[in-house]
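**Student:** can't give you the sequence, but here's the structure:
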């Protein structure tokens, strides 16, 4: 689906993404990751072939939550949840992480910090549904 | 398991909890909730019998992430993930929500805002494992 301007702004604000993948036994795995946009896809980079990469290869269903720094009229923290399907691409992680580090850490930072990092993996997520509390859903409490 | 003082401090800092439950088809459901401690259990309150209450009744496996307002040496946002098993208790939600509102909104607030709220449901989570990045795991990056 098309990513709205409100969600784009939230992603580009540098708030970290809480990413859920599914383990082999069906239990949830939850980690904080940096995300960015590539058109209407969400992308994240990983240097090692970590648990979330393996999980997504086996089951593409993921969820991401993003905590805004705004509150609803009732005083609740606003947030967005993006549900979608992910796929793993090989390579390209250092270049993506460098781009995201400028958002999440600050301009001019070198990331990954080491020379000659591995080419790693990219998670690409096609968003199917948006939930949460805030202007992106029209749900205000 | 016993909840460490570092995790207690993080929970009581009022950072909202990203709670994952599992839908009937095994896909993840993700929402922001208020949580508190009852001894070493994590507790959350719900006025309606919502999707997460129904999900936990069917499959008790949950995960919670909490975003800290601190950064690691490398500049990454620190966070904790609590994995555990949840159960639903009937009643007691308004009293718990009132206690949590004092942490998450501020002292003196009336919550739920309506008179005569329903007695609702409490989610009680026994924590089995702690992950993340920060002093609670000894993992620093």
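**Tutor:** Structure's in. What do you need? Note that the structure is predicted; figures quoted are calculated from it, not measured.

**Student:** residue contacts, the spatially most central residue of chain A?
**Tutor:** Taking Cα atoms, centre = their mean, the centroid of chain A lies closest to residue A:35, which sits 3.8 Å from it. Residue A:35 sits next to A:11, A:17, A:19, A:42, A:43, A:44, A:64, A:100 when contact means Cβ atoms under 8 Å, 6 or more residues apart in numbering or on different chains. (Each C-beta comes from the backbone N, C-alpha and C, glycine too.)

**Student:** among those residues, which lie within helices?
**Tutor:** A:11, A:100 (DSSP state H).

**Student:** could the contacts of residue A:35 go into a markdown table alongside distance to residue B:71, pLDDT and neighbour count?
**Tutor:** Formatted as a markdown table, those follow (distance: Cβ to Cβ, whole Å; pLDDT from 0 to 100; neighbours: other Cβ atoms under 10 Å in any protein chain shown):
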| residue | distance to residue B:71 | pLDDT | neighbour count |
| --- | --- | --- | --- |
| A:11 | 19 | 96 | 21 |
| A:17 | 16 | 98 | 22 |
| A:19 | 19 | 98 | 27 |
| A:42 | 23 | 98 | 24 |
| A:43 | 23 | 98 | 21 |
| A:44 | 19 | 98 | 24 |
| A:64 | 21 | 98 | 24 |
| A:100 | 15 | 98 | 19 |
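
**Student:** show me which of the contacts of residue A:35 neighbour chain B.
**Tutor:** Taking Cβ under 8 Å from any Cβ of the partner chain, the overlap between the contacts of residue A:35 and the neighbourhood of chain B is residue A:64.

**Student:** nearest to chain B among the contacts of residue A:35?
**Tutor:** Comparing these against chain B with Cβ to the nearest Cβ places residue A:64 closest, at 7.8 Å.

**Student:** can I assume that closest one is in contact with residue A:15?
**Tutor:** No. Contact between residue A:64 and residue A:15 fails when scored by Cβ atoms under 8 Å: they sit 11.0 Å apart.

**Student:** tally of neighbours for residue A:115?
**Tutor:** For residue A:115, the count of nearby residues is 6 (other Cβ atoms under 10 Å in any protein chain shown).

**Student:** what's the helix or strand for it?
**Tutor:** Residue A:115 belongs to no helix or strand when elements are defined using DSSP states H and E.

**Student:** can I take it that residue A:8 is in a helix?
**Tutor:** Yes. Using DSSP: H, G, I helix; E, B strand; the rest coil, the assignment for residue A:8 is a helix.

**Student:** quick one, what contacts it?
**Tutor:** Residue A:8 neighbours (Cβ under 8 Å, 6+ apart): residue A:37.

**Student:** likewise the one 3 residues further on?
**Tutor:** The neighbours of residue A:11, taking Cβ under 8 Å, 6+ apart as the test, are A:3, A:17, A:35, A:36, A:37, A:42, A:66.

**Student:** what's the closest non-adjacent residue to residue A:29?
**Tutor:** For residue A:29, ignoring the flanking residues on the chain, the nearest one in space by Cβ to Cβ, 6 or more residues apart in numbering or on different chains is residue A:21 at 4.8 Å.

**Student:** assign that neighbour to helix, strand or coil.
**Tutor:** At residue A:21 the chain is in strand, as set by three-state DSSP.

**Student:** pretty sure it is in contact with residue A:52, am I right?
**Tutor:** Yes. Using Cβ under 8 Å, residue A:21 is in contact with residue A:52, at 4.7 Å.

**Student:** mutual contacts of those two, please.
**Tutor:** Common neighbours of residue A:21 and residue A:52, counting by Cβ under 8 Å, 6+ apart, are residue A:29.
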